[in-house]
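A.B. asks: I would like the atomic coordinates for the input below:
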Amino acid sequence: MKRFVTLLFALLLIPPACLRAGDAPAPQKKIKIILVGDSTVTDKAGWGAGFKQYLTDKAECINTSAGGRSSKSFLAEGRWQKALDLKGDYYLIQFGHNDEPGKGPDRETDPNTTYTQNMTRYVDEARAIGAKPILVTSLVRRAWDKSGNGKINSSLVPYVEAVKKIAAEKNVPIIDLHDLSQSLCEKLGRAECNKLSPINASNQVDNTHLNAKGSVVFAGLVVKALTQAVPELASCFHDQPVAASAKVFNVRTYGAKGDGQTLDTAAIQSALDACAAAGGGRVEVPAGTYLIKPIVLKGNGLTFQLDDGATLQATDNFSDFDSPEKPGAVVPLISANGLTDLTITGQGTIDGAGAKWWPDVRVAKQAGKPETRHRPRLVILSKCLNTLVENITLQNSPSFHLVPSDCEDMTIDGVTIRAPFDSPNTDAIDPSTCRHLHILRCVLDVGDDNVAIKSGHVDAAHPNAACEDILVENCTFLHGHGMSIGSETTGGVKGLTVRNCTFTSTVSGIRIKTDRTRGGTVADCTYTDLTMTDVNIPVSITCYYPKVPPEDTTEPVTDRTPHFQNITISNLTATGAQTAGLLIGLPESPINGLTLQNINIAADKGFEIRNTRKLRFTNANIATTTGQAYTIRNSEMLGFGNPSK
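C.D. replies: All right, here's what the predicted structure looks like:
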């Protein structure tokens, strides 16, 4: 018996398999904190970026906040559901700025009724998934009293009081950021507060939003109040901010050579994986040429920095891009899926080694046959939120260069994209079903569409327009097929603005293209202050693609019938054109509500206009060398600028 007990005791001392000697302990799950709110919470213009600098490795933060949103519109746009789908442990919720009167029917709420209902819904639905909601009163707007007494007059008080009432009634932790920020600002004074504020486009102090320094300062107020209101989160925060740049993962440290000969894929991927495991940071690629196969960007809060003189050079071995999951498919050189707060930056270059891929495509096209193999994209960013791509150069992709797909709140700034003018299908930027996208200061010189906005499927969350709120400004379009929408428009495109851009030697300038098999609604688009030189067709808007038939045949309207409406083109000057423009709808679905004003085009031939309604030319000068300025069939014209040559 004694021997049996001794043996049993010895067996009990043997560690289980999961804790064998030498095994690493299972990684502790990080606490997930989700930020929900308007622009004063975002990383770009609010306290979100500063908040993340206080985090320890015990927590991660995903910022779903979006500029211009109210408690009402954040719900209506499906953003709250997406935030819930992240399965956070804690939700910090702040609205008020865009709920105020005067913000329009899609946003404004009454503090005592609709605002209270919305904020209560946030609390209840967060609790329903097992999360803990934390209410945050609005960051004060620094509206200084004109008497000079150093006090702030806040119009947000009714919304602040509503939040306090909800917190008390539903026993919700609350951070009174409004009171804390107002007290701090009045203590600092106007001059010191200006140092925490950005400068707007009019060179004036923006008293609503925060610059980088302000983000850290006001985030400190949030963190201190949060750890007091929710003590169990204390271990998730440092006492002082730790800049994200402090977590740097240099790819050379992980074995990358950058000599243009050694395959550096594994080393760079290891650096990316380590950064993701650390909860975000900066992966730095110093000067050198890094030969790589496909890599995957991972983890929220990633900054992928390509230093000046750094080139990520794709291999030109076709099989390196074969999809391991789907025979016959290919993967892009660089991809990201479902990331938040992603930045791709620096003065470096990503080269797709497309020259080896293009000859077979040209041969196939000349023979009228399909391509023998699929070609990879250069960069695909899928389902990403709050993304910045800036200053880098993308070049020589086998096909499309930069493809944001199902992304929201993305900025593409100062990016140069180039490929030979005859390189097939080398589109520069192809946003697909994206919303709230800003493209600015880019130089685009490629072999196909410079920008092509695509909406190839209906988005259940946004059934009227899968693509919406896109601004393209101050860009230079060189060789390519122009500023395009389509040809896939099934999901709808709404709210595109293109302004202050130049076009030189492109096939088209403004181009909207689709057909009866993949059409949808394209509406509320504005093009203004555009200059075009030697552009073949300055304005091409057609429901026939790829070719326009000489005659029309009416067909039944289906759910794939294109509908183009409410489009305005103004302040356009074009010289050296072949054809001034094509404005061609369908007999069963005419282009409706197209206005061209302050238009000056010098071309060999004039406009061909078919199947339009409520078409208006105002102050338009169309100078042609051959034929009339306008050839018109089956169209309703509301006015002409200059109907003669």
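A.B. asks: can you list the domains in this protein?
C.D. replies: The record's domain split for the chain, according to automatic domain parsing, is 31-242, 282-639.
A.B. asks: So which of the ones you listed is nearest Ala267?
C.D. replies: Of all these, it is domain 282-639 that lies closest to Ala267, at 8.4 Å by C-beta to C-beta. Yep, even glycine has a C-beta here, placed from its N, CA and C like the rest.
A.B. asks: and that closest one, how far apart are its ends?
C.D. replies: 56 Å (C-alpha to C-alpha, to the nearest Å).
A.B. asks: For the residue nearest to Ala76 when sequence neighbours are not counted, list the residues it contacts.
C.D. replies: Excluding the flanking residues, the one nearest Ala76 by C-beta to C-beta, 6 or more residues apart in numbering is Asp106, at 7.1 Å. By C-beta atoms under 8 Å, 6 or more residues apart in numbering, the contact set of Asp106 is 72-73, 76.
A.B. asks: For Ala162, state which of these is nearest.
C.D. replies: Distances from Ala162 to the contacts of Asp106, taken by C-beta to C-beta, are shortest for Lys72, at 13.5 Å.
A.B. asks: which element is the spatially most central residue of the chain on?
C.D. replies: Nearest to the mean C-alpha position of the chain, counting by C-alpha atoms, centre = their mean, stands Met410 at 2.1 Å. Assigned by DSSP states H and E, Met410 belongs to strand 408-413.
A.B. asks: What's the first helix or strand after that strand?
C.D. replies: Assigned by DSSP H and E, the successor of strand 408-413 is strand 416-418.
A.B. asks: picking up where we left off before, buried only: go through the contacts of Asp106 for me.
C.D. replies: 72-73 (16 or more other C-beta atoms under 10 Å).
A.B. asks: Name the nearest of the contacts of Asp106 relative to Glu60.
C.D. replies: Closest approach between the contacts of Asp106 and Glu60, by C-beta to C-beta: Ser73, at 26.4 Å.
A.B. asks: which residues touch Lys293?
C.D. replies: Taking C-beta under 8 Å, 6+ apart, we find Lys293 in contact with 263, 265, 314-315, 320-321.
A.B. asks: could you flag which of these are buried?
C.D. replies: Neighbour counting by 16+ other C-beta under 10 Å classes 265, 314-315, 320-321 among the contacts of Lys293 as buried.
A.B. asks: Return the subset of the residues you listed lying in strands.
C.D. replies: Judged by DSSP state E, the buried ones among the contacts of Lys293 include Ala314 as members of strands.
A.B. asks: between the buried ones among the contacts of Lys293, which is nearest Leu394?
C.D. replies: Of the buried ones among the contacts of Lys293, the one sitting nearest to Leu394 (C-beta to C-beta) turns out to be Ala314, at 11.1 Å.
A.B. asks: burial count for the closest residue in space to the closest one that isn't next to it in sequence?
C.D. replies: Among residues not flanking Ala314 along the chain, Ala353 sits closest, at 4.4 Å (C-beta to C-beta, 6+ apart). By other C-beta atoms under 10 Å, 18 other residues sit near Ala353.
A.B. asks: picking that back up, now pLDDT and distance to Gly258 too, for the buried ones among the contacts of Lys293, in TSV please.
C.D. replies: Shown next, in TSV, are these (pLDDT from 0 to 100; distance: C-beta to C-beta, whole Å):
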residue	pLDDT	distance to Gly258
Thr265	98	13
Ala314	98	15
Thr315	98	15
Asp320	97	19
Phe321	98	22
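A.B. asks: Nearest to Val242 among the buried ones among the contacts of Lys293?
C.D. replies: Nearest member of the buried ones among the contacts of Lys293 to Val242, counting by C-beta to C-beta, is Thr265, at 30.3 Å.
A.B. asks: At which residues are the helices of the protein located?
C.D. replies: 2-13, 48-52, 71-76, 79-85, 114-128, 157-170, 177-188, 190-194, 212-229, 265-277, 358-367 (DSSP state H).
A.B. asks: Quick one: those as JSON lines, columns for distance to Gln565 too.
C.D. replies: Output for those, formatted as JSON lines (distance: least, C-beta to C-beta, whole Å):
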{"stretch": "helix 2-13", "distance to Gln565": "77"}
{"stretch": "helix 48-52", "distance to Gln565": "37"}
{"stretch": "helix 71-76", "distance to Gln565": "22"}
{"stretch": "helix 79-85", "distance to Gln565": "27"}
{"stretch": "helix 114-128", "distance to Gln565": "31"}
{"stretch": "helix 157-170", "distance to Gln565": "37"}
{"stretch": "helix 177-188", "distance to Gln565": "43"}
{"stretch": "helix 190-194", "distance to Gln565": "45"}
{"stretch": "helix 212-229", "distance to Gln565": "41"}
{"stretch": "helix 265-277", "distance to Gln565": "44"}
{"stretch": "helix 358-367", "distance to Gln565": "34"}
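A.B. asks: Out of those, which is closest to Cys434?
C.D. replies: helix 79-85 (14.3 Å).
A.B. asks: And the closest one, what does it pack against?
C.D. replies: Packing partners of helix 79-85 (3 or more C-beta pairs under 8 Å, 6 or more residues apart in numbering; DSSP states H and E): strand 31-37, helix 114-128.
A.B. asks: winner for burial among these?
C.D. replies: Burial of these is given as mean neighbour count (mean count of other C-beta atoms under 10 Å); strand 31-37 ranks first at a mean of 24.
A.B. asks: Please identify the nearest residue in space to Thr517, excluding sequence neighbours.
C.D. replies: Leaving aside its sequence neighbours, Thr517 sits nearest to Arg560 (C-beta to C-beta, 6+ apart; 5.7 Å).
A.B. asks: which of the buried ones among the contacts of Lys293 lies closest to Leu402?
C.D. replies: Among the buried ones among the contacts of Lys293, Ala314 lies closest to Leu402 (C-beta to C-beta), at 14.4 Å.
A.B. asks: Okay, and the beta partners of the closest one?
C.D. replies: Beta-bridge partners for Ala314, by DSSP bridges, are Ile292.
A.B. asks: Below-threshold pLDDT in this structure: ranges please.
C.D. replies: Across the chain, the ranges flagged by pLDDT under 70 are 1-27, 201, 243-246, 640-645.
A.B. asks: quick revisit: could you dump the buried ones among the contacts of Lys293 to JSON lines with distance to Ala329?
C.D. replies: JSON lines is the format used below for these (distance: C-beta to C-beta, whole Å):
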{"residue": "Thr265", "distance to Ala329": "19"}
{"residue": "Ala314", "distance to Ala329": "17"}
{"residue": "Thr315", "distance to Ala329": "18"}
{"residue": "Asp320", "distance to Ala329": "14"}
{"residue": "Phe321", "distance to Ala329": "9"}
